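> quick one: sequence and predicted model below, then my questions.
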Amino acid sequence: MNYTINLIQQLGPVLKGIRKKSGMTQKQVAEKVGLLPKTISALETGSPRSTLDSLMTLLGAYNYTLGLVQKVEDSSSAFDW
């Protein structure tokens, strides 16, 4: 399933929903990926202490990847690679 997140505040609830759908507790997820339960909690609540590395580790545990999608309405401001 694909999730489009437009605001950082949307990330935590999506992560929590994915975890709950998997039937795991924060502690179980933390043990599976080698992170602390408080790190999982921080990611799910949108704490500014969350790191991209932790996010990528967590997404990998759920078999999700992070992708970038260009907004169609902002195409005039896209980078010219």
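Received the coordinates, thanks. Fair warning: this is a prediction, and the values are worked out from it, not measured in the lab.
> please enumerate the helices of this structure.
With DSSP state H, the ranges of helices along the chain come out as 11-22, 26-33, 37-45, 52-61.
> dump the ones you listed into TSV; add mean pLDDT and distance to Thr4 as well.
C-betas here are computed from N, CA, C, even on glycine. Shown next, in TSV, are the helices of the chain (pLDDT from 0 to 100; distance: least, CB to CB, whole Å):
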stretch	mean pLDDT	distance to Thr4
helix 11-22	91	10
helix 26-33	95	23
helix 37-45	92	18
helix 52-61	89	15
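> most tightly packed of those helices?
Using mean count of other CB atoms under 10 Å, the stretch among those with the largest mean neighbour count is helix 37-45, at a mean of 19.
> who does that helix touch, helix- and strand-wise?
In terms of contacts (3 or more CB pairs under 8 Å, 6 or more residues apart in numbering; DSSP states H and E), helix 37-45 is packed against helix 11-22, helix 26-33, helix 52-61.
> out of these, flag the one nearest Met1.
helix 11-22 (8.8 Å; CB to CB).
> what does that closest one contact?
3, 5, 26, 29, 40, 43-46, 55, 58, 62, 64 (CB atoms under 8 Å, 6 or more residues apart in numbering).
> ok, 6 Å please
Helix 11-22 is touched from outside by Tyr3, Ile5, Val29, Leu43, Glu44, Thr45, Gly46, Tyr62, with contacts defined as CB atoms under 6 Å, 6 or more residues apart in numbering.
> then stretch 42-60?
For stretch 42-60, contacts defined as CB under 6 Å, 6+ apart pick out Gln9, Gly12, Leu15, Lys16, Val33, Thr39, Leu66.
> tell me which two in these are the farthest apart.
Once CB to CB is applied, the contacts of stretch 42-60 give Gln9 and Val33 as the farthest pair, at 23.1 Å.
> one step back: in JSON lines: the contacts of stretch 42-60, plus distance to Ser50.
Listed next are the contacts of stretch 42-60 as JSON lines, based on distance: CB to CB, whole Å:
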{"residue": "Gln9", "distance to Ser50": "12"}
{"residue": "Gly12", "distance to Ser50": "9"}
{"residue": "Leu15", "distance to Ser50": "10"}
{"residue": "Lys16", "distance to Ser50": "13"}
{"residue": "Val33", "distance to Ser50": "14"}
{"residue": "Thr39", "distance to Ser50": "8"}
{"residue": "Leu66", "distance to Ser50": "13"}
